[in-house]
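# Give me a model of this one.
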Amino acid sequence: MKVLVVDDELPARLRLRELLRDIPDCAVVGEAGNGREALLLWETQQPDVLLLDIRMPVMDGLETARHLASLDNPPAVIFTTAYDEFAVAAFDARAIAYLLKPVRRERLATALANAGRLNRVQLNQLITSSAREARRHLCARLRDKLHVVPVENIQCFIADQKYITVCHTQGELLIDESLKDLEAEFAGRFLRVHRNALVALACVESLEKIKEGQFRVRLRGRAEPVEVSRRLVAEVRERLRGGR
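Numbering: from 1, shown residues only. Next up is the predicted model:
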């Protein structure tokens, strides 16, 4: 069983490595200090199980689990936490495994033996039973490589039939999500300007009038402007005037 250890504290990672040495048929294939690093390591190492801390900088364990669950072949996830509120109160142990710190060898061995791969049913339980916060990253594949994009680097979302194009400072990605869900999740950061477009408020440089009744917004770092629908012009103008 290939195990990836994910914790922002080095002593915690070292302890888990030490415990895993005494558990048969387990091999540590890597360690990460946050969820972003873990996703990139998953891409290269393909671990069977992640020992995943919950409270971490950059990307926490809950967001990491949400990204993992969207993958075609997600690994099993065992959460490790020092906080009771994220354990008994937040998770159904029959659906998602968790271990309270300090982790004990016997409980770790049992959790590894019972670990099942994270699926969408478990993901829904995770999201509804915990305080769902907006993601700080989006995750998608491009040319068979996993890309993790910070939301702060995203300029706009453009809907095109089934998929959404994520336009960011380093290029573009396609994700299989709905614009409506993205608008709800990132309501404070992105503004609906068209039925098929959301723009990052922080990237808006200007609202331009093209001709009578037609407007577009220009975004910092993006050459191509985004069209604003007629019915949303007043709302967009008001939002931009209001300090965003």
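# What is the least confident helix or strand in the protein?
Taking mean pLDDT, DSSP states H and E as the measure, helix 120-129 is the helix or strand of the chain with the lowest mean score, a mean of 56.
# What lies in contact with stretch 203-213?
Contacting residues not belonging to stretch 203-213 are listed as 155-156, 191, 215-222, 225, 228, 230, 236-237, 240, 244 [CB atoms under 8 Å, 6 or more residues apart in numbering]. Backbone N, C-alpha and C define where each C-beta goes, glycine included.
# Selection in ChimeraX covering whichever of those are buried, please.
Command for ChimeraX that selects the buried part of the contacts of stretch 203-213, burial taken from 16 or more other CB atoms under 10 Å:
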select :155,156,191,215,216,217,218,219,222,225,228,236
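# Can you flag which of the contacts of stretch 203-213 belong to strands?
Among the contacts of stretch 203-213, the members found in strands (DSSP state E) are 155-156, 191, 215-219, 228.
# so which of those residues would you say is closest to Thr169?
Checking the ones in strands among the contacts of stretch 203-213 against Thr169 by CB to CB gives Gln155 as the nearest, at 7.0 Å.
# need the helices for this protein, in chain order.
10-21, 35-45, 61-69, 105-114, 120-129, 179-185, 233-241 (DSSP state H).
# Using the centroid of the chain, identify the residue furthest from it.
Going by CA atoms, centre = their mean, the residue of the chain most distant from its centre is Glu212, 40.9 Å out.
# What's the per-residue pLDDT of it here?
pLDDT for Glu212: 79.
# Quick check on it: phi, psi?
phi -50, psi 120 (degrees, to the nearest 10).
# how far away is it from Arg230?
Per CB to CB, to the nearest Å, Glu212 is found 10 Å from Arg230.
# swap in Leu198?
17 Å.
# Pro57 too?
Taken as CB to CB, the span from Pro57 to Arg230 is 43 Å.
# repeat for Glu152
For Glu152 relative to Arg230 (CB to CB), the value is 30 Å.
# How about Cys156?
19 Å.
# go on, Glu133?
Distance from Glu133 to Arg230, by CB to CB: 34 Å.
# Repeat that for Arg136.
For Arg136 relative to Arg230 (CB to CB), the value is 34 Å.
# do the same with Glu43
According to CB to CB, Glu43 and Arg230 sit 44 Å apart.
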